[in-house]
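Engineer: Got a predicted structure here, sequence first:
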Amino acid sequence: MKPHTFASEAPTLRDLARRGYRHDFNLSGAQQPDEGLDLHRHPGRFRIHEVHRFEGASDPEDMCVVYAIESESGVKGVVVDAYGHYADSQTTELLRGLAVPLP
């Protein structure tokens, strides 16, 4: 099933949650309830399935990227990161190293 394309982050996150992407992989360290799902400690255990990029029409702070990710154990979730000047450089660099399946 091909994912829908939405104009903003909120409907995209709702659609991903509906399709099983419910875990928040943004959390790390002590915040992550399951150490095996800590994306920052174990990036090799994750694969990006979809990438959705949004540009703020009037506010550069609205620019973000939503990543739909699955762990090797089958847990689906998301990472939301800004891009451009507001991006978290550590998260952006980490996500660049994850495997992305070919269409």
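Structural biologist: Great, that's in hand.
Engineer: Where is the longest helix in the chain?
Structural biologist: As assigned by DSSP state H, the longest helix anywhere in the chain is helix 9-18.
Engineer: how deep is Glu50 tucked in, by neighbour count?
Structural biologist: 17 (other CB atoms under 10 Å). Heads up, the C-betas are built off the backbone N, CA and C, glycines and all.
Engineer: what's near enough to touch the nearest residue to it once chain neighbours are set aside?
Structural biologist: Of all residues not flanking Glu50 in the chain, Ala68 sits nearest, at 3.9 Å (CB to CB, 6 or more residues apart in numbering). Contact analysis of Ala68 by CB atoms under 8 Å, 6 or more residues apart in numbering lists Pro3, Leu16, Tyr21, Ile48, His49, Glu50, Val51, His52, Lys76, Gly77, Val78.
Engineer: Just checking: what are the partner strands of the helix or strand harbouring Ala68?
Structural biologist: Under the criterion of DSSP states H and E, Ala68 resides in strand 64-71. When pairing is defined by DSSP bridges, strand 64-71 lines up against strand 46-54 (antiparallel), strand 76-82 (antiparallel).
Engineer: Output that strand in CSV, but only the C-alpha positions, please.
Structural biologist: The C-alpha trace of strand 64-71 is given here as CSV (Å, rounded to 0.1, in the frame of the first residue of the first chain):
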residue,chain,number,x,y,z
CYS,A,64,10.4,19.2,9.5
VAL,A,65,11.0,15.7,8.4
VAL,A,66,9.0,12.7,9.7
TYR,A,67,10.7,9.4,9.5
ALA,A,68,8.6,6.1,9.7
ILE,A,69,11.0,3.6,11.2
GLU,A,70,10.8,-0.1,12.2
SER,A,71,13.1,-1.9,14.6
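Engineer: Low-confidence stretches in this protein?
Structural biologist: Per-residue confidence for the chain (pLDDT under 70) gives these ranges: 1-4, 27-33, 56-62, 84-86, 99-103.
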